[in-house]
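1. dropping the sequence and predicted coords here.
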Amino acid sequence: MSEILPRCHGCGAAAGEVHDRVCDVARCRATGLQWVTCAHTAASSVPHERDVWTGRWPGEEDCERLGWYVCLEPGRGWVPCDATDAGAEPDLNRLFAEAVWDAPSGHWVPKS
Ligand SMILES: [Zn+2]
Ligand SMILES: [Zn+2]
């Protein structure tokens with residue numbers, strides 16, 4: 001299940017603090033992608049800055065809002081499921097495949 005983490009696993013930032021420059025958990029506010037691997041060249045309405053640690057793994061809250069979850073089923077692998085199912089995990093793969101980063105709001109939104 002998704003959990004609240006008081007401090008970032010990558011850099012130790014507390015909730016509400018900006019990640020360290022070398023933190024691999026930090027996401028770029030302009031692209032929603034990993035900050036350390038972002039080329040920071042894509043045109044964007046918000047600057048290419050590191051985001052803040054929210055206490056949640058990046059993308060988890062978006063999966064929660066969209067109701068996108070998967071469960072590991074023996075012999076089948078990860079299959080879509082409901083948030084209330086046992087072992088439900090946020091479906092981050094679906095998020096990156098079927099949603100686009102909305103920089104002004106800082107959320108992933110479904111492709112229209
Ligand atoms: Zn961090
Ligand atoms: Zn960037």
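-> Cool, the structure landed. Ligands and ions are numbered 1, 2, ... in the order given.

2. what parts of the protein come near ligand 2?
-> 28, 30-31, 38, 40, 48 (C-beta under 5 Å from the ion). For glycine as for every other residue, the C-beta is placed from the backbone atoms N, C-alpha and C.

3. how close does the residue nearest in space to the middle of the chain get to Thr41?
-> For the chain, the residue whose C-alpha lies nearest the mean C-alpha position (C-alpha atoms, centre = their mean) is Gly59; its distance is 2.0 Å. To Thr41, Gly59 is 22 Å away according to C-beta to C-beta, to the nearest Å.

4. same question for Thr31.
-> Counting by C-beta to C-beta, the gap from Thr31 to Thr41 is 10 Å.

5. same check, this time on Trp108
-> For Trp108, the distance to Thr41 - C-beta to C-beta - is 21 Å.

6. Leu5 reaches Trp57, doesn't it?
-> Yes: contact between Leu5 and Trp57 holds when scored by C-beta atoms under 8 Å: they sit 7.4 Å apart.

7. check contacts around Gln34.
-> By C-beta atoms under 8 Å, 6 or more residues apart in numbering, Gln34 lies in contact with 24, 26-28.

8. tell me what it is bridged to.
-> Judged by DSSP bridges, the bridge partners of Gln34 are Arg27.

9. where do the helices sit along this structure?
-> 60-66, 92-98 (DSSP state H).

10. which of Leu5 and Trp57 has more neighbours?
-> Set side by side, Leu5 and Trp57 show more neighbours around Trp57, with 17 against 14, by other C-beta atoms under 10 Å.

11. so that one makes contact with Cys8?
-> No: contact criterion C-beta under 8 Å: Trp57 and Cys8 do not qualify, at 9.6 Å.

12. identify the contacts common to those two.
-> Val25.

13. Cys63 and Arg94, how far apart?
-> Using C-beta to C-beta, one obtains 8 Å as the distance from Cys63 to Arg94.

14. look at these two and report which has more neighbours.
-> Per other C-beta under 10 Å, whichever of Cys63 and Arg94 has more neighbours is Cys63, with 24 against 17.
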